[in-house]
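# one predicted model, sequence on top.
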Amino acid sequence: MSQAQPKRATSRAHPADPCTVVIFGAAGDLTSRLVVPALYNMRRTGLLSDNFNVIGFNHGKMTDNAWRGSLRTSLERFVSNSGGKLDEEAWGWLSGQMSYHAGDFDDLSAFQSLGVKLRDAERRRGTKGNVLFYLATPERFFGDVIEKLRDAGLVDDGGHDGPFWRRVIIEKPFGHDLASAHSLNERILKVLREDQIYRIDHFLGKETVQNIMAFRFANGLFEPIWNRDRIDHVQITVAETVGVERRGSFYEQTGALRDMVPNHLFQLLAMVAMEPPTSFDAEAVRTRKAETIEAIRPIQPEDAVRGQYGPGAVNGQLAISYRDEPNVAPDSVTETFVAMKLSIDTWRWSGVPFYLRTGKHMGRRTTEIAIRFKSAPFAPFRGTGMDAFGPDWLVLQIQPDEGISLQFDVKRPGPRVELAPVRMDFKYADWFRAEPNVGYETLLYDCMTGDATLFQRADMVEACWRAVQPILDDWAQRSPADFPNYASGSAGPASADTLLALGGRSWRPLNTSTEPTSRRAAKPKVDTAPAENAPVRRAAKKGAAVRKALRSTSVKKAVPAKKATAKKVASKKAAPKKAAAKKLVASKTATARRRGK
């Protein structure tokens, strides 16, 4: 894309509804690292109402100032890591709306006293009774917290047309298998209406993920070829360079499959593969996504592979094995890598394989959706000596360098028919002014305005678990004998490559940033002179190679002799000059003596 274009301003939305946000798990990592920085950014960009309030709910006594101070420290670290400086006006305003409420998640009296604070905020802050409850807690507390909210009378809002609203954000993981997800849905839906529940997935807060639908349905160029007629296969990759860090205890109970596939990867899959909705209304979009997930053919055990990282090097730094991480069993069989092949049984995608992979301690951090188009007919190029076309790729880059690239073949300049692969790139940073973002700003704003488009319904959650349940069951019965089976800093285990090789395909390299350079440097796999002159060309090339070898040999042997000869010649040439110089000096000396006399 042209770099001369000026950056365009990001569109501004109107402020969200007045409300109070109650954060359960207020002293946790999620609150300090993501939720509060998102609220801070929303204040800076004008997305928060002036009538706003935050209450942090957590066990353990703490003063308001102590809670604010700990959050400020984390926020300053977040801002400095982004190369900025804390906006004192924005933080001062936000911290002025914040208070801490101590209580246990199973203590009804703590919820009743929370109700007193909410009524006080409505009176003093003008929140109009609107409350957003954010469950930034471990999964085991979800049901208890929601039932205590009901018992304290805090979630009744009078229905769809009530005078105020009460909504609940539930973090992942929403269940750990199909049975637990179904049970949790049943328990929560006894308390809340579906339209009050916002099951959050921060991947969907990324601009590039939201852009997938706009890119597909707003451009007549791409939607007509977005099907089995022109697409060979689709690859979705979420690769991380980090390991499990300090989450060993959590990860031992979860693993890469539960942590990433039924939520993050399947959400990307649904955005790419869904049918066009009748409108961008939340229910229309979510229905199309649910239909796509439900159309996934049951995944067979042979179509899924798992891996666990061993020691190696990531970004030039030595990295330890997963089994050596804190709070990880020395003989752990928990997977840190998953790859799978799946099929979607719809008219649009019948016969098109989707390949998904995710892993930790990989060679490069990247999240991308890569769409490989089918090759064009080869007949027009017969007789040119070409043996293949280059692959045509449409790549939607989610992170870290958000953008879209299209790779295709063009004719290399010159009189002969040679093809060269080229790539057209669009990058968000080149066209739009970036706002500080942790991925939660859009999602929180949508919750405050009642837009559920980017959130999962109960049927979607259960459809995702239903798709992976056969793999969970199979892996629970068979322990891997080869763990660890990939080095830290690599692209994953060899079995992941085999998964694609069986269909004559291969993964895109993780180091795609170096691919264009290497592709441009590579010689084209073509031979463009007429076929009938092949014997002449081969003889000429062979003769040229022989002559080059002979020249190389003779030069190497002659170098010492040449150097010696050159010294002798230089010495011979220099001798007469030296003798003449001596003779001239002697003559001038004799003349001077005579004159002196």
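Good, I have the coordinates. Numbering: from 1, shown residues only.
# grab the nearest non-local neighbour of residue 217.
residue 276 (5.6 Å; CB to CB, 6 or more residues apart in numbering). Backbone N, C-alpha and C define where each C-beta goes, glycine included.
# and what of residue 373?
Closest residue in space to residue 373, ignoring its immediate chain neighbours: residue 392 at 4.2 Å, by CB to CB, 6+ apart.
# mind checking the SS state of residue 434?
Of the three states, residue 434 takes coil according to DSSP: H, G, I helix; E, B strand; the rest coil.
# pull out the buried positions in stretch 351-360.
By 16 or more other CB atoms under 10 Å, the buried positions in stretch 351-360 come out as 352, 353, 354, 355, 356, 357, 358, 359, 360.
# oops, could you answer that again for stretch 63-76 instead?
Applying 16+ other CB under 10 Å to stretch 63-76 flags 67, 68, 70, 71, 72, 75 as buried.
# where are the low-confidence patches of the stretch 351-500 of the chain?
Along the stretch 351-500 of the chain, the parts satisfying pLDDT under 70 run over 378-390.
# which residue ranges of it form helices?
428-431, 441-449, 458-477, 494-501 (DSSP state H, counting those that start in this stretch).
# wait, which of those is closest to residue 406?
Across these, residue 406 has its closest neighbour in helix 428-431 (15.4 Å, CB to CB).
# grab the CA positions of the closest one and hand them over as CSV.
Provided in CSV are the C-alpha atoms of helix 428-431 (Å, rounded to 0.1, in the frame of the first residue of the first chain):
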residue,chain,number,x,y,z
TYR,A,428,-3.5,-0.6,10.0
ALA,A,429,-0.7,1.5,11.4
ASP,A,430,-0.1,3.1,8.0
TRP,A,431,-3.6,4.3,7.5
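# hang on, the earlier thing: looking at the buried residues of stretch 63-76, which is nearest residue 187?
The closest of the buried residues of stretch 63-76, once distances to residue 187 are taken by CB to CB, is residue 67, at 30.1 Å.
# follow-up on the earlier one: would the residue nearest to residue 217 count as being in a strand?
No: looking at residue 276 with three-state DSSP, it is coil, so not inside a strand.
# quick one: the residue nearest to residue 146 when sequence neighbours are not counted and residue 142, what's the gap?
Distance criterion CB to CB, 6+ apart; nearest residue to residue 146, sequence neighbours excluded, is residue 191 at 5.2 Å. Distance, residue 191 to residue 142, by CB to CB, to the nearest Å: 11 Å.
# would you map the helices across the stretch 101-250 of the chain?
108-125, 142-151, 178-189, 207-217, 248-260.
# state the mean pLDDT of the fourth one.
In other words, helix 207-217. Averaged over helix 207-217, pLDDT sits at 86.
# and that helix, what does it pack onto?
Contacts defined by 3 or more CB pairs under 8 Å, 6 or more residues apart in numbering; DSSP states H and E place helix 207-217 against helix 266-273, strand 393-399.
# the helices of the stretch 351-500 of the chain: which one's closest to residue 181?
Proximity to residue 181, assessed across these by CB to CB, is greatest for helix 458-477 (4.8 Å).
# what are the contacting residues of the closest one?
174-175, 177-178, 181-182, 185, 189, 194, 197, 199, 257-258, 261-263, 266, 270, 286, 289-290, 293-294, 296, 298-301, 304, 306, 335, 340, 342, 456 (CB atoms under 8 Å, 6 or more residues apart in numbering).
# tell me how far it is from the chain's mean position?
Chain-centre distance of helix 458-477: 23 Å, with CA atoms, centre = their mean, to the nearest Å.
# show me which residues of that helix are buried.
Buried, per 16+ other CB under 10 Å, within helix 458-477: 458-469, 471-472, 475.
# check stretch 487-499 too.
Within stretch 487-499, the residues scored as buried using 16+ other CB under 10 Å are 487, 488, 489, 490, 491, 492, 493, 495, 496, 497, 499.
# Three-state assignment for the residue nearest to the fifth one when sequence neighbours are not counted, please.
The shortest distance from residue 491 to any non-neighbouring residue, by CB to CB, 6+ apart, is to residue 510 (5.0 Å). Of the three states, residue 510 takes coil according to three-state DSSP.
# now do the contacts for residue 510.
Contacts of residue 510 by CB under 8 Å, 6+ apart are 237, 239, 362, 363, 364, 366, 491.
# go ahead and confirm the fifth one touches residue 238.
Okay, so that is residue 364. No: counting by CB atoms under 8 Å, residue 364 does not reach residue 238; the two are 11.7 Å apart.
# residue ranges in this protein under the pLDDT threshold?
1-12, 378-390, 511-597.
# tell me which residue is most central in it.
The chain has residue 367 as the residue nearest its centroid, 2.4 Å off, counting by CA atoms, centre = their mean.
# could you list the buried residues of stretch 28-46?
By 16+ other CB under 10 Å, the buried positions in stretch 28-46 come out as 28, 30-32, 34-45.
# now the end-to-end length of that stretch.
With CA to CA, to the nearest Å as the measure, stretch 28-46 spans 26 Å from end to end.
# what residues does that stretch touch?
12, 15-16, 21, 23, 25, 48, 54, 56, 58, 70-71, 74-75, 78, 87, 90-91, 93-94, 134, 136-137, 171, 202, 435-441, 444-445.
# buried ones only from these, please, as a ChimeraX command.
Only the buried members of those enter the following ChimeraX selection, criterion being 16+ other CB under 10 Å:
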select :15,16,21,23,25,48,54,56,58,70,71,75,78,87,90,91,93,94,134,136,137,171,202,436,437,438,439,440,441,444,445
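# okay, and which of the contacts of stretch 28-46 map to strands?
21, 23, 54, 56, 58, 134 (DSSP state E).
# quick revisit: so which of residue 191 and residue 142 has more stuff around it?
residue 142 (21 against 18; other CB atoms under 10 Å).
# how much space between that one and residue 369?
Relative to residue 369, and taking CB to CB, residue 142 is found at 30 Å.
# residue 191 too?
36 Å.
# any idea how far stretch 79-94 is from the chain center?
On CA atoms, centre = their mean, the centre of stretch 79-94 falls 26 Å from the chain's centre.
# related to what we said a few turns ago, contact partners for the residue nearest to residue 146?
With the criterion set at CB under 8 Å, 6+ apart, residue 191 makes contact with 146, 147, 149, 150, 155.
# just the buried members of the residues you listed?
146, 147, 149, 155.
# in this structure the third one contacts residue 155, no?
Yes: in this structure, residue 149 sits in contact with residue 155. The criterion is CB under 8 Å, and the distance is 4.8 Å.
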